[in-house]
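J.: predicted structure and sequence below. I'll ask about it afterward.
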Protein chains: 2
Amino acid sequence: MRRLKATISYDGTLFAGYQVQPGERTVQLEIENVLTKMHKGNQVKITASGRTDAKVHATGQVIHFDTSLEIPVERYKKALNVQLPRDIRVLEVEEADSEFHARYSVSGKRYRYIWNCEEQQSPFRRHYTVETNGIKPDLEKMQTAAQFIIGTHDFSCFCAANTSVVDKVRTVNALNFSWHDEELHMTIEGNGFLYNMVRIIAGTLWEVGIGKKDSNELQLIIASMDRGKAGKTAPAHGLYLEKVFY
Amino acid sequence: MRRLKATISYDGTLFAGYQVQPGERTVQLEIENVLTKMHKGNQVKITASGRTDAKVHATGQVIHFDTSLEIPVERYKKALNVQLPRDIRVLEVEEADSEFHARYSVSGKRYRYIWNCEEQQSPFRRHYTVETNGIKPDLEKMQTAAQFIIGTHDFSCFCAANTSVVDKVRTVNALNFSWHDEELHMTIEGNGFLYNMVRIIAGTLWEVGIGKKDSNELQLIIASMDRGKAGKTAPAHGLYLEKVFY
């Protein structure tokens, strides 16, 4: 048996999320089905860096699995892509150490969140960006507010209420904004993220950008450790898991 | 009654084309349904500059219709967009002369065709570009071949066999290529296009670009007036109706 690490990309639009759920189309299920077929019916389980929710996209999700097949990595990638549905693509397959674990070996992740601020709505970006009906936020205010998030904090305020995680201290290393034509991108990098953390941060900073919240409030929101003080959870389809660090 | 002209955009992915067909989801049907509802059940018919096939997109299709409603054009646009499905967007509504006719008044059209030449397949552009599996064509050869198409010719060679049109003489005013990162765009402008003409031109020039046909062959292909001499019809989902001229 050898362990392989694969970097994958998926369009989350038609998936009920990453993780297998009975009766639902999920990314994990599609990949496991193909791998199991390649292994002549012997079930192959894959492990990801973490799950992503329904409609969330990935441009750099990482998985690992063990295989008995002696196919070189480049051909392994091609074999998977030929059989996978077109909304999942394998970007790379690499040999991994037997100790490598897609989830437990993670040292950090980067996510991207995209708002489409075009005044004129377009039918083409509706699944891939969150439309703001032409509203352009005050980027400077969002950047000021973002400074309070960078660093090591208890991020309870940015964690969905229904979570079982106890230790909510995480480190955010970078949080940047950039315009790409009329699309506003937020990238956030950290050593780990709580459930819905990126979407709640996106939603909170958006409220700062449109003047519903003050930049300095961020300090109080974080100190409160109260989810109720932060902004709304931004929609899933604007979110991309971009890179997993090991 | 007043006549209105509307410019619309649609993502062709989930449509069986523009024109109403029994039992199919079409752009015309969706728009007529909304207009008929706005007119309290009195059926409203729309007329487009021309039909587009299943999976073909539009960024600047034009329609006209007559309405008894006295709504200002800007509000008319909003009322339509609120009720239309998200894969159709109305970009503009204008007052039109009673003689204006979306189809008969057309003086020309511009189409765009997009090939995605990225080596690394992506799950995000699969419905909006035609993937070439990393093959990058020889643009110079395509441009040389394109010069034979520009001008006024009998374009029988670029017309789908099953057409009832008799006069196949059309004028192509412009045919240009440009790279947008790793996507190759072809734009073509002319006074009118035969059925499948843009897709057959795209398919033929592609064959020139990958060395399957010689640039100079284009002259012979056009002179032959034989559809069999031209290249394959390029896939529908790479095509956009971009602008209609009046």
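T.: Looks like it came in fine.

J.: domain ranges for chain A?
T.: A:2-96, A:108-245 (automatic domain parsing).

J.: can I get those in JSON lines including distance to residue B:55 and mean pLDDT?
T.: C-beta coordinates here come from the backbone N, C-alpha and C atoms, glycine included. Formatted as JSON lines, those follow (distance: least, C-beta to C-beta, whole Å; pLDDT from 0 to 100):
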{"stretch": "domain A:2-96", "distance to residue B:55": "14", "mean pLDDT": "97"}
{"stretch": "domain A:108-245", "distance to residue B:55": "13", "mean pLDDT": "96"}
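
J.: reformat those as CSV; add distance to chain B and mean neighbour count.
T.: Output for the domains of chain A, formatted as CSV (distance: least, C-beta to the nearest C-beta, whole Å; neighbours: other C-beta atoms under 10 Å in any protein chain shown):
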stretch, distance to chain B, mean neighbour count
domain A:2-96, 4, 18
domain A:108-245, 4, 18
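
J.: contacts only, for residue A:91.
T.: A:7, A:8, A:9, A:60, A:77, B:120 (C-beta atoms under 8 Å, 6 or more residues apart in numbering or on different chains).

J.: farthest pair within those?
T.: Using C-beta to C-beta, the contacts of residue A:91 span at most 14.7 Å, a distance reached by A:60 and A:77.

J.: just to revisit the earlier point, CSV for the contacts of residue A:91, including distance to residue B:188 and secondary structure?
T.: Output for those, formatted as CSV (distance: C-beta to C-beta, whole Å; DSSP: H, G, I helix; E, B strand; the rest coil):
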residue, distance to residue B:188, secondary structure
A:7, 38, strand
A:8, 37, strand
A:9, 32, strand
A:60, 37, strand
A:77, 36, helix
B:120, 29, coil
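
J.: ok, so of those residues, who is nearest residue A:104?
T.: residue A:7 (17.4 Å).

J.: now do the contacts for the closest one.
T.: Going by C-beta under 8 Å, 6+ apart, residue A:7 touches A:60, A:61, A:62, A:90, A:91, A:92, A:94.

J.: if you look at those, which of them are in strands?
T.: Secondary structure assignment by DSSP state E places A:60, A:61, A:62, A:90, A:91, A:92, A:94 of the contacts of residue A:7 in strands.

J.: what kind of secondary structure is the closest residue in space to the first one that isn't next to it in sequence in?
T.: Looking back up the chat, that one is residue A:60. Nearest residue to residue A:60 in three dimensions, chain neighbours excluded: residue A:243, at 4.4 Å (C-beta to C-beta, 6 or more residues apart in numbering or on different chains). Assigned by DSSP: H, G, I helix; E, B strand; the rest coil, the conformation of residue A:243 is strand.

J.: can you pull the contacts of the residue lying farthest from the centre of chain A?
T.: Largest separation from the mean C-alpha position in chain A: residue A:40, at 32.0 Å (C-alpha atoms, centre = their mean). Residue A:40 is in contact with no residue at all, counting by C-beta under 8 Å, 6+ apart.

J.: make sure it is indeed in a helix.
T.: No. Going by three-state DSSP, the assignment for residue A:40 is coil, not a helix.

J.: I'd like to know how far it sits from residue A:30.
T.: Using C-beta to C-beta, to the nearest Å, residue A:40 is found at 18 Å from residue A:30.

J.: now swap in residue A:201 and tell me
T.: The gap separating residue A:201 from residue A:30 is 29 Å, by C-beta to C-beta.

J.: do the same with residue A:96
T.: 21 Å.

J.: again with residue A:19
T.: With distances taken as C-beta to C-beta, residue A:19 is found 12 Å from residue A:30.

J.: rewinding a little: between the contacts of residue A:7, which sits nearest residue A:2?
T.: Nearest member of the contacts of residue A:7 to residue A:2, counting by C-beta to C-beta, is residue A:94, at 11.0 Å.

J.: hey, where'd the helices end up in chain A?
T.: A:27-38, A:73-83, A:139-149, A:197-209, A:217-224 (DSSP state H).

J.: please put the alpha-carbon coordinates of the first one into CSV.
T.: Spelled out, that is helix A:27-38. Taking C-alpha atoms only, helix A:27-38 is exported to CSV below (Å, rounded to 0.1, in the frame of the first residue of the first chain):
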residue,chain,number,x,y,z
VAL,A,27,-17.6,15.5,-3.5
GLN,A,28,-16.3,12.7,-1.2
LEU,A,29,-18.9,10.2,-2.6
GLU,A,30,-18.0,10.9,-6.2
ILE,A,31,-14.3,10.5,-5.6
GLU,A,32,-14.7,7.4,-3.5
ASN,A,33,-16.9,5.8,-6.1
VAL,A,34,-14.3,6.3,-8.8
LEU,A,35,-11.5,5.1,-6.6
THR,A,36,-13.5,2.0,-5.6
LYS,A,37,-14.1,1.2,-9.2
MET,A,38,-10.4,1.6,-10.0
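
J.: elements contacting it?
T.: When contacts are defined as 3 or more C-beta pairs under 8 Å, 6 or more residues apart in numbering or on different chains; DSSP states H and E, helix A:27-38 sits against strand A:2-10, strand A:57-67, helix A:73-83, strand A:88-96.

J.: sheet partners, orientation included, of the last one?
T.: Partner strands for strand A:88-96, per DSSP bridges, with pairing direction: strand A:2-10 (antiparallel).

J.: centre of the chain to the strand it pairs with, how far?
T.: Mean C-alpha position of strand A:2-10 versus that of the full chain (C-alpha atoms, centre = their mean, to the nearest Å) differs by 16 Å.

J.: would you mind getting the angle between it and helix A:73-83?
T.: Put simply, strand A:2-10 runs at 50 degrees to helix A:73-83, going by axes from the mean of the first three to the mean of the last three C-alpha atoms, to 10 degrees.
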